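In: Got a predicted structure here, sequence first:
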Amino acid sequence: MTRRALLLAGCALAVLSFPASAGAHAVLVATTPRWGAELKATPQMLRLSYNEGVVPQYARVAVVAANGENLAGVPRVSGSFVVVPLRPGPRGSDTVRWQMVASDDGHVTEGAFTFGVGVKPLPPVPAPGVGVPVAPELLAWLQFLGIVLAGGALLFRAVVLVPAARVLGEEGAPDARAALWVGVAGAVIALHAGLLAFLVGAYPIVGGGLVSFLATQIVPIRVGTHLGQAWMVMTFAWLAVLALLVGAWVTPQRRERLLASAGLLSLAIAFGISWASHPDSRGTLALVADYLHLAAAALWVGGLVALALLAGVMRPRARADRDALVRACVLRFSRLAAPAVAVLALAGGYLVLREFPGPAALFDTRYGITLVIKTVAFAGALALAGYHQRSVAPRLAAGAPVASMRRTLALEVALLVLALALAAVLSQTAPPG
Amino acid sequence: MTLPQIQIARAHWLLGALFLALILEEYLPRGRRSGPARSRSLVVPWALIIGGVGVWATTVFADIVHDMIVHTLWGDILFAAGSLELARRRGVYERWWLDIVLPLAYVSCGMLFLVHNLIDPAGVGQNWHSAMGLLLMAAGLLELLRLARGRAPAVPISLLPLAGFALVLIAIPVAAAS
């Protein structure tokens, strides 16, 4: 058998391993009404069909109407079929939460889905009073960090470092290995934070305990919510980023092109984060503004992080060489960062004007106070960026030592990292009104 | 997406045959390979990387949360091991510890089979999964032992449990159909 044939066989192997099933559990295979259905009135019965028999005594089904009332009667179980009588309810999106115990193995499974009465159903909503075991803000911040490192830092290399090195007559840009590891770290962090963020987001929707959550049937939440849809696409995109980075590692002759592609794809993935927390009612323009805000922030922060790393990586070189390259990068970056900062400010300003009912909400709500602190951090970073562009860059161009901007650059990075952390908090907080 | 068990079992036959071909390519001596030198074939690293992506895809499409978590770890191990092996075999990365990457991948993947059984003790194919896990762990440990002794036989003994793993995969549809 040739190696090529074996490679093809390996691909087939991977494709074959895609479908997953959990035959050991009572898996919900069909429902009437089906999940996502839009009905004229509340049905008289809800029918659930499982792939194996369930224990009648432990069958739990709640159908929560838009007004919070539970419409479900006592479930009747016959083998693998469960029928639940329903009381009439108001118009709106009804959330079905179920928990079953398989009669074969005693395993508990649970899940949630929605159908609409007189309206298009909304994604399943979190159950009231269910806390989340991990801070979703931290996971959102880790995803932002992944985009900053893999997107912003790798694109800095493509559009700032490589051209600057070329202008200085260097053969190839330095620190390819450091750039690779920064990109890999960003992609790995974001890939895993994304999975955890999805699970943490799904946990309160199902509304059970932590142990029984392990046996949750996750499909309706994955398919029926923006959170799940975005996670699916982002997961494959991050895997593609990792594949590009591995390609860049093992093929030095194509390294720069592959690193740039990985950076570009990472920046595109930021759209998934915007989509995950975007209700349909918010409108397309807000979604686009949210994405531009995040992508511009990633370019700015990622560029600064890459600049700081560059100074460290270049340390073994002669001071004159090091200063020349860092100076060239600072000058080039300060020109390119200005449009990114403008986009960031415009998109952020639009979102604030659109989603804030009035100035009073800025100081009366958690969202408002967080936004004020974030804006102060952003303004501080912006002031430092202006100082760098107007005062430091001309001095560097005139031959001043690069070390003169080290402290202010570090402060700018710190303020932006703080702003990103606050942005992560805002992404998990409902705006007022 | 939920497939009937019999279809999943039949897919195992093909997976087993492919796995057998891959390990024979990796471990059997060939005329053009002089002595017991380390394999430079790119087939195994690529299969590991593609397998890692495939297993991550299983995470995405899994029905149950604990399946997602176990498959995530499987995917991470396969992808990382494949990437490191690929870099080594293409000559862009050389470290002494790269020799133990593949054996450790066998051991940890085998352990995950057992962990999967622990999380889901009444699941379908418990005995098969246990056998597969133990065979992979045995293969990894035998490889580690061989490396520790500095021996390089023409045909490593770890080929036996690896072939056994492939044969278990092939046997699953027979058991499911009977």
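Out: The structure has been received and is ready for your questions.
In: The spatially most central residue of chain B sits in which helix or strand?
Out: Centroid check for chain B by C-alpha atoms, centre = their mean gives B:Y106 as the closest residue, at 5.6 Å. Element membership for B:Y106, per DSSP states H and E: helix B:101-119.
In: ok, and for that helix, which residues are buried?
Out: B:101-117 (16 or more other C-beta atoms under 10 Å in any protein chain shown). Placement of C-beta: from N, CA and C, glycine included.
In: From A:G116, how far out is the closest residue to B:G164 other than its chain neighbours?
Out: With C-beta to C-beta, 6 or more residues apart in numbering or on different chains as the criterion, B:G164 has its nearest non-adjacent residue at 4.7 Å, and that residue is B:L135. Distance of B:L135 to A:G116, given as C-beta to C-beta, to the nearest Å: 51 Å.
In: Between the two, which has more neighbouring residues?
Out: Set side by side, B:L135 and A:G116 show more neighbours around B:L135, with 22 against 18, by other C-beta atoms under 10 Å in any protein chain shown.
In: sorry, back to before: helix or strand: which one has the residue nearest to B:G164?
Out: helix B:126-149.
In: what's in contact with that helix?
Out: Under the criterion C-beta atoms under 8 Å, 6 or more residues apart in numbering or on different chains, residues B:99-100, B:102-114, B:116-117, B:123, B:152-153, B:156-158, B:161-162, B:164-165, B:168-169, B:171-172, B:175 lie in contact with helix B:126-149.
In: chain center to that helix: distance?
Out: Put simply, helix B:126-149 sits 10 Å off its chain's centre (C-alpha atoms, centre = their mean, to the nearest Å).
In: mind exporting that helix as CSV, just the C-alpha atoms?
Out: Output of helix B:126-149 as CSV, limited to C-alpha atoms (Å, rounded to 0.1, in the frame of the first residue of the first chain):
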residue,chain,number,x,y,z
GLN,B,126,-18.0,-1.9,28.1
ASN,B,127,-15.9,-5.0,27.7
TRP,B,128,-14.8,-4.0,24.2
HIS,B,129,-13.8,-0.6,25.4
SER,B,130,-11.9,-2.0,28.4
ALA,B,131,-10.0,-4.4,26.1
MET,B,132,-9.2,-1.6,23.7
GLY,B,133,-8.0,0.6,26.5
LEU,B,134,-5.8,-2.1,28.1
LEU,B,135,-4.3,-3.1,24.7
LEU,B,136,-3.4,0.5,23.9
MET,B,137,-1.9,1.0,27.4
ALA,B,138,0.1,-2.3,27.0
ALA,B,139,1.4,-1.1,23.6
GLY,B,140,2.5,2.2,25.1
LEU,B,141,4.2,0.7,28.1
LEU,B,142,6.0,-1.9,26.0
GLU,B,143,7.3,0.9,23.8
LEU,B,144,8.4,2.9,26.8
LEU,B,145,10.1,-0.2,28.2
ARG,B,146,11.9,-0.7,24.9
LEU,B,147,13.1,2.9,24.8
ALA,B,148,14.3,2.6,28.4
ARG,B,149,16.4,-0.4,27.6
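In: Report the inter-axis angle for that helix versus helix B:101-119.
Out: 150 degrees (axes from the mean of the first three to the mean of the last three C-alpha atoms, to 10 degrees).
In: now helix B:126-149: mean pLDDT?
Out: Across helix B:126-149, the average pLDDT comes to 91.
In: So for that helix, what gets flagged as buried?
Out: B:128-129, B:131-144, B:146.
In: same deal with stretch A:253-269?
Out: Of the residues in stretch A:253-269, those buried (16+ other C-beta under 10 Å) are A:255-256, A:258-269.
In: any idea which of these is closest to chain B?
Out: A:R255 (9.9 Å; C-beta to the nearest C-beta).
In: so where does the residue lying closest to that closest one once chain neighbours are set aside fall, helix or strand?
Out: Distances taken as C-beta to C-beta, 6+ apart put A:A248 closest to A:R255, at 4.7 Å, once the chain neighbours are dropped. In the assignment (DSSP H and E), A:A248 maps to helix A:226-250.
In: That helix - contacts with which helices or strands?
Out: For helix A:226-250, the elements it packs on are helix A:176-206, helix A:219-224, helix A:255-276, helix B:43-61, helix B:65-89, judged by 3 or more C-beta pairs under 8 Å, 6 or more residues apart in numbering or on different chains; DSSP states H and E.
In: Nearest approach to A:R60 belongs to which of those helices?
Out: helix A:176-206 (11.7 Å; C-beta to C-beta).
In: Return the distance of B:I64 relative to A:Y50.
Out: 13 Å.
In: pLDDT below threshold where in the stretch 1-150 of chain A?
Out: Counting by pLDDT under 70, the ranges of the stretch 1-150 of chain A that qualify are A:1-25, A:104-107, A:125-134.
In: So in terms of bridging, what pairs with A:S49?
Out: A:A30, A:F81 (DSSP bridges).
In: residue nearest the centroid of chain A?
Out: Nearest to chain A centroid, counting by C-alpha atoms, centre = their mean: A:I273, 3.6 Å.
In: got the residues of the stretch 151-300 of chain A near chain B?
Out: A:192, A:195, A:199, A:202, A:213-219, A:222, A:231-232, A:235-236, A:239, A:242-243, A:246, A:249-252 (C-beta under 8 Å from any C-beta of the partner chain).
In: In PyMOL, how would I select just the buried ones from those?
Out: Here is the PyMOL command that selects the buried residues among those (16+ other C-beta under 10 Å):
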select buried, chain A and resi 192+195+199+202+213+214+215+216+217+218+219+222+231+232+235+239+242+243+246+249+250
